[in-house]
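Engineer: sequence? don't have it. structure:
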């Protein structure tokens, strides 16, 4: 009995002494910290599991306060996210889903090759040597983007052009950073019309280096104001456009994903044939329409002339009289 | 004028035609004299051990490369063969084939390929395997057959010889010293240690002369620099000299320590292994001195008669730190303005 | 003869200089068309002063200096401006250039030489050099007038002429020293006068004993010819200063930091030409060499002439020609087409046959340390070269030296040359530099 | 001389990590970078010496007189936990950078079995006060040595092309294994 009592006393005493000591030192060594860190730490699961990529929940809490844009806590889920957002005073915003787009269709057949590059395995290395195409803005196809893509969404067509699978793309933007020629950009997932060229060269150069290069001719901008031309390069800023818009481009640079997927437009000869057929049809129709319009105009003009002549004639007649 | 197109590559556009293969096969070549001496001294058994360990190493390398889906041709770059040969040279000649295979496996798979293959192993593969075997099979690894022509000696260097299976075994000179202190000394002839035909020991370490020849070849071909071997041998000699001067009854003289045991094979072939040795000259000197000191400490006061394998392995672990702390100042380096 | 001076590190590649070192310089006939890039120097590109259809005379300024570190550009033949547009530049990019269609008359503008050059004042001389568009002709193409006008707080003690020509194959500097020795010395005197310096050196590698002899004779008592050990990169400005004066130039600094100014021998000749004859920099000596051409030789070539034309004149390509390099094999740029023009810094046209190309794939580093021995800047290419492919850029930043270690590397290629694993170390460093540059600019 | 041998023994032969396999958690966890490894080593050094001293005193002057030897584990853990808290506060104040770098491993020193191991071992071995100090100090030095060597190797392994299946803990443990093989060479150097 006594022994147990002593044991309890000793344990209690030791604990008390240490506790007081700690309390004292925590005052002495107090470090000012953002109080929100503690608050956030409270609402976190507290498992210190490291699943978020940080060493422990406190680090995660600090990241929340610091960056303002924390990755989700995989353990806590939505509940924790909203709680954290509440503490930070932010609301989880609805951001438009973005996907990556490789703005190049310069396959082997279309883009002029520049002397073979030896000992090059990566785009970054190829870029040091000036690239493997005459066009310095196009895709070089060594797959630096494929290597960084966490979603396996990018494939390389014929070792020449990378194509992003918009369904697989999670919109992380790593490929945009990895691409030395800046040919990849993030576009809204809902956008259906794309300009598949990145060439900022003047028209004369673009023409010699690629058959599907944008020469900055502004024809597209005339048919749809959502096309913006900058540095000899058109870009589409709207969400969608009339399905006939791609047909106006003289170099077949514009793709409408409702008609052809980007992949088909780059890879498939068949799709190109279909496109050309449709384009010819459209042009023919346009030509006929124009012709008809011109004829109508001519007829109208003729009629007007006739009428005028008649009127004049009658006037003359009147004068004569 | 029609323009011609050319292949584009990054500078520099010339190369000195050196290659890993050339380096490795030169090391292999440098080990040939020692191999010949040992085959002469121990006969067929030595040839068996060396052949098994070398071939097994190459085969294991091949298997590992296949498994990892890497270019299998890399197994002929000579590095696996050198590892296997070095391992074989550090084993006694009467060791069983099974143990050699285990050794080759440890060397190539555990100590090398697990870390990504040539260039990435933090520890010398052959030595890792040898130390592993020494600790896993202490018996077979410490029974040393007598060279040919000495089988009938009942006592060797003051140590009894034992008949095991069909070979007569005894302690190595270092083992004898360990057991009998310097009483054994008069029986050990430095000449024997140098030429190696009359002493027991692991296959490759018996002839200091043959190893020295190989070492000089490597120095001549500029495959190794003088720093590590000199530092190892000098530091061993230094401690040995001091202890010998203090108490010649207990401690052997420096020459004995130079020529007995694996000091030369260690100093010239194992400690200088590119992958596991420091890369800067200062680091090399410190590393060599460390190897030498640890070797002699283990030899004189430790539990094992020979310490160079342990010493090199331990210093292998220090190598990354030495590489970090002995970086020379770059060209035109100025002391960084302190206030910034 | 005292022992040849040198620096620490470096390599001994096979020089292959005797392919062209005995061939006397021949003047190339006037080209029918020249392509003159507006950017032939380090610094801001020149501002174009002409437009399509303009008639220009030889020596006429067609681009004025675009900043303090910049240089003007001149028409190298007379004729009509055909176009002003981006063209394939020897440095691999596409850059703006003036294309002039020659009229075959080579009508010169009126030249205005400086009178009594050795008595003229500093400003006049400097202006003459600046107007002539002279840049470093060893390849770095640093505008010479900038070198010649150091800030007042940086006293200059030495003027060094660089005749080392350490790049294998090239012999342009060698030839100019043999053929124009006295003019080179005159150019050097002008530079020394501008900088008010008495200590003049000419560094020449000992594999050019004839050049040493000729230059000694031409220089006389005015300065010292320093024989240098045959080693690459002996002709690198900073290594040369270290060999001759023992001073080391800190990274990212100009040699004037340690009181030295270095000119290539070709630049010295250009200075002479600008001051004594009033001629702008319109032509240079180019070595055509390598086993991919039929007849290696040295040629006086107008700036802007296409490489194809030069090679054609020299005797043409061999059938096995596979790689075209502007400059030497160590630091020269490999170009995709021979339509590129000769620019102010092009010292050589090297054509390599298929079998001499370095195309081996590389394997893992075995830490042999040869790159460390070879590095003239005492860096650790081994460590950098292992970290860069693994993307460990933050560890490079941690390496202990405040500025990025890569600032020290000038891509001489010594490490790659000696690497037994064939690792493209220079390429790795270029990638890392690009990485750090983009990171900094963000 | 006795203490010198004890010191050598605790650093090399009876190395906490490499031959007693204590404190493997921080050994694997904080050895990715040399600088954090150094910080961790210092923290462990401090905690180990303090903890051993306090527990030694508590044991000798509190538990033993009351015949409460059986309580030692729980009391020791109490002491160690508080000391770790204290260290944490001190480091956070003095070096926030190190505090950040050590992260979760700092509070985890609490569960570093090396600390408790040394505290108990020193009592088991019957060291006197000076012996206890030597043992705990040089034990921690041995810990630091192993941690530094290991961190150096791991920094180098970052540049290695390790097969995917062996990345991380697998190859690290193999390194640790080989390292302890190497340290077996010290066996018999000093009678433990």
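Structural biologist: On my side now, so go ahead. All figures in this text were calculated on a predicted structure; none of them were measured in a lab. Numbers count the residues shown, from 1 in each chain, chains lettered A, B, ... in the order given.

Engineer: For the stretch 1-150 of chain B, which segments count as strands?
Structural biologist: B:144-145 (DSSP state E, counting those that start in this stretch).

Engineer: could you pull out the helices for it?
Structural biologist: B:20-42, B:44-67, B:79-89, B:97-105, B:125-136, B:138-141 (DSSP state H, counting those that start in this stretch).

Engineer: Of those helices, which is nearest chain C?
Structural biologist: helix B:20-42 (5.1 Å; CB to the nearest CB). To be clear about C-beta, it is placed using only N, CA and C from the backbone, and glycine gets the same treatment.

Engineer: Quick one: mean pLDDT for the closest one?
Structural biologist: Throughout helix B:20-42, pLDDT has a mean value of 89.

Engineer: Establish whether it and chain C are in contact.
Structural biologist: Yes - residues of helix B:20-42 contacting chain C under CB under 8 Å from any CB of the partner chain: B:20, B:22, B:23.

Engineer: Please identify which of the helices of the stretch 1-150 of chain B is closest to chain D.
Structural biologist: That would be helix B:125-136 among these, by CB to the nearest CB, at 5.2 Å.

Engineer: for the residue of the stretch 51-200 of chain B found nearest chain C, what are its contacts?
Structural biologist: Going by CB to the nearest CB, chain C is nearest to residue B:119 of the stretch 51-200 of chain B, at 3.6 Å. Applying CB atoms under 8 Å, 6 or more residues apart in numbering or on different chains to residue B:119 gives the contacts B:275, C:363, C:364, C:365, C:366, C:367, C:421, D:160.

Engineer: Equivalent analysis for residue B:217, please.
Structural biologist: With CB under 8 Å, 6+ apart, residue B:217 has these contacts: B:26, B:29, B:30.

Engineer: can I get those residues in CSV with neighbour count?
Structural biologist: CSV is the format used below for the contacts of residue B:217 (neighbours: other CB atoms under 10 Å in any protein chain shown):
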residue, neighbour count
B:26, 19
B:29, 14
B:30, 25
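
Engineer: Among those residues, which one sits closest to residue C:83?
Structural biologist: residue B:26 (58.3 Å; CB to CB).

Engineer: quick one: that closest one and residue B:224 touch, right?
Structural biologist: No - if you go by CB atoms under 8 Å, residue B:26 and residue B:224 don't touch, sitting 10.1 Å apart.

Engineer: For the stretch 151-300 of chain C, which residues are neighbours of chain B?
Structural biologist: So the stretch 151-300 of chain C meets chain B at C:168, C:238, C:242, C:248, C:249, C:250, C:251, C:253 (CB under 8 Å from any CB).

Engineer: Most neighbours among these, please name it.
Structural biologist: When neighbours are counted by other CB atoms under 10 Å in any protein chain shown, residue C:238 leads these with 26 neighbours.

Engineer: so it sits right up against residue B:331, yeah?
Structural biologist: Yes - look at residue C:238 against residue B:331 with CB under 8 Å: they come within range, at 6.8 Å.

Engineer: what residues do those two have in common as contacts?
Structural biologist: With CB under 8 Å, 6+ apart as the test, residue C:238 and residue B:331 both reach residue C:248.

Engineer: Can you give me the pLDDT of residue 92?
Structural biologist: No chain specified, so I'll use chain A. So residue A:92 comes in at 55 (pLDDT).

Engineer: Sorry, I should have been clearer: chain C.
Structural biologist: So, for residue C:92, pLDDT stands at 76.

Engineer: what's the answer for residue A:47, then?
Structural biologist: pLDDT, read off for residue A:47, is 63.
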